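Q: the following comprises the amino acid sequence and a computationally predicted model.
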Amino acid sequence: MSSISKNASADLEKSPESAKRRNDYKKLRRRNTLTFWSFVGPMALGLLVFVGIPIVWGIVLSFGNAQTTITPTKFVGLSNYIQVLSDPQFRSSMILVAIFAIIIVPLTLAFSLGLALLVNEVKFGRGFFRTVFFIPTACSYVVASAIWKMSLFNGTSSGFMNTILGWFGVEPIQWISASTPPWYWLVLVTVRLWLQVGLYMILFTAGLQDIPPEVYEAGRIDGIRNKFQELRYITLPLLKNTTISVSLLCLIGAFQAFDEFYNVLGSASGSGSGNLSLAMPPLVYLYNMAFSSQNYGVGSAGAFILTIVIVIFALLQGKLTGSKK
C-alpha cells in the first residue's frame with residue numbers, strides 16, 4: 001500500500017501543474033531577490049566603497065610608514081601609535097576636548113529639554129515652534145562659525161556683542177584672540193549650542209509625546225500638585241532612555257568637534273594656524289598632522305586612538321547612567 005502511495009505522489013510531482021507551480025515559485029524567488037538587491041545593492045556598495053575600504057586602508061596606514069604617501073612603504077608596527085601618544089600636543093588636545101564635552105553635554109541636555117517642555121505645553125502653533133528651533137540644525141557649521149567670528153563676536157567695537165556691551169560702558173573684548181580670560185570658550189560653546197539644540201529638542205519632544213496622559217492623571221490622584229513635581233517624579237524618569245540617547249550622541253559629537261574650532265580660531269585668510277594654539281581639539285591636530293605635515297600613518301593612528309577613547313567614554317557613560325542591555 002505504501003509503495004502505491006509513493007508512486008502516486010511521484011506521478012503527481014511530475015504532473016504539468018506541479019511543474020508549473022515550481023517554475024512560478026522559482027520565478028517569484030528570482031524576482032524578489034532582484035528587487036531586494038536593486039534596493040539594498042547601491043547602499044551596500046556605497047558602504048563598502050566609502051566606509052569599509054577606507055577603514056581597512058586606514059588601519060593599514062596606521063601600521064605603516066606613510067610619510068607624504070597614502071601607500072605604506074614598510075611595516076612599522078605600533079611606532080605611529082607610540083609617536084601620537086608621546087606627543088604633548090595630542091595629549092593636550094584630548095584634555096581640551098574632554099573639557100569641551102563636560103561643558104557642552106550638560107548645557108545641551110538642559111537647553112534641549114527645556115525647549116521641548118516649553119514647546120510641548122504650547123496649544124497652538126506647536127509645529128511652527130518646532131520648525132523654528134530645528135532650522136539651525138540645517139545650517140552649515142562653517143557658515144555659523146563665520147557668523148559668530150566675524151559678526152556676533154567680532155573683537156572690534158562694531159561687533160554685535162561689543163556694541164551691546166558698549167551701551168553699558170564696557171570696553172570692547174577680544175573674544176577669540178586672548179587666552180586670559182578665555183572668552184573664546186563662550187564663542188565655541190554658543191555656536192555649538194545654537195547648531196545642535198534644535199535636533200535634540202525634537203528627540204525630547206518625541207519622548208514627551210510617548211508618555212501617556214493617563215500617567216499624569218494618576219500622578220495627580222496620588223498627590224502631585226504642580227508642574228515641578230510632575231517633572232521630577234514622572235517626566236524625567238520616563239525620559240531616561242531618551243536622555244541617555246541624547247547625551248550619548250552629544251558626547252560623540254563633542255569628541256568629534258572640528259568645524260567650529262577650525263573656523264573660529266583658524267586664520268581668516270587660510271594661511272597659518274591663527275589662534276588654534278589656544279584650543280586645538282584632536283581632529284584639528286590630526287588634520288594638521290595628515291594634510292599639513294603629510295604624515296598619513298601617524299594621522300591614521302591618532303584617528304583610531306580617538307575612536308577607542310570615544311567608545312570607552314560611551315561605555316562609561318552608559319554604565320554610569322544605568323542603561324541596561
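A: Good, I have the coordinates. Bear in mind that the values here come from a model prediction, so they are computed numbers and not experimental data.

Q: my guess is Leu152 contacts Ser158, does it?
A: No: counting by Cβ atoms under 8 Å, Leu152 stays clear of Ser158, with 11.6 Å between them. In this view, the C-beta of every residue, glycine as well, is placed from N, C-alpha and C.

Q: more neighbours: which of those two?
A: Leu152 (17 against 11; other Cβ atoms under 10 Å).

Q: tell me the contacts of that one?
A: Shown in contact with Leu152 (Cβ atoms under 8 Å, 6 or more residues apart in numbering): 159-161.

Q: count the neighbours of the closest residue to Val246 other than its chain neighbours for me.
A: Of all residues not flanking Val246 in the chain, Tyr200 sits nearest, at 4.9 Å (Cβ to Cβ, 6 or more residues apart in numbering). For Tyr200, the neighbour count with other Cβ under 10 Å is 25.

Q: Tyr200 contacts Cys250, correct?
A: Yes: using Cβ under 8 Å, Tyr200 makes contact with Cys250 at a distance of 6.8 Å.

Q: okay, and which of the contacts of Leu152 map to helices?
A: Residues of the contacts of Leu152 located in helices (DSSP state H): 160-161.

Q: mind giving me the PyMOL select for the contacts of Leu152, buried ones only?
A: Of the contacts of Leu152, the buried ones go into a single PyMOL selection, burial set by 16 or more other Cβ atoms under 10 Å:
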select buried, resi 159+161
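
Q: closest to Ala101 among the contacts of Leu152?
A: Met161 (24.9 Å; Cβ to Cβ).

Q: contacts only, for the closest one.
A: Neighbouring residues of Met161 by Cβ under 8 Å, 6+ apart: 152-154, 173, 175.

Q: same deal with Phe133?
A: Neighbouring residues of Phe133 by Cβ under 8 Å, 6+ apart: 115, 119, 197-198, 201.

Q: report the central residue of the chain.
A: Gly253 (3.9 Å; Cα atoms, centre = their mean).

Q: that one touches Leu199, doesn't it?
A: No: in this structure, Gly253 is not within contact of Leu199 by Cβ under 8 Å, at 9.8 Å.

Q: still on that earlier bit, shared neighbours, Tyr200 and Cys250?
A: With Cβ under 8 Å, 6+ apart, Tyr200 and Cys250 have common neighbours 108-109.

Q: hey, where'd the strands end up in the stretch 101-250 of the chain?
A: Taking DSSP state E, counting those that start in this stretch, the stretch 101-250 of the chain contains no strands at all.

Q: CA-only coordinates of stretch 40-52 in CSV, if you can.
A: C-alpha atoms of stretch 40-52 as CSV (Å, rounded to 0.1, in the frame of the first residue of the first chain):
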residue,chain,number,x,y,z
VAL,A,40,20.0,47.2,-1.0
GLY,A,41,22.8,46.8,-3.5
PRO,A,42,23.6,50.5,-4.1
MET,A,43,23.7,51.2,-0.4
ALA,A,44,25.8,48.1,0.4
LEU,A,45,28.2,49.1,-2.5
GLY,A,46,28.4,52.7,-1.1
LEU,A,47,29.1,51.4,2.4
LEU,A,48,31.8,49.1,1.1
VAL,A,49,33.5,51.7,-1.1
PHE,A,50,33.2,54.8,1.1
VAL,A,51,33.2,53.3,4.6
GLY,A,52,34.6,49.7,4.6
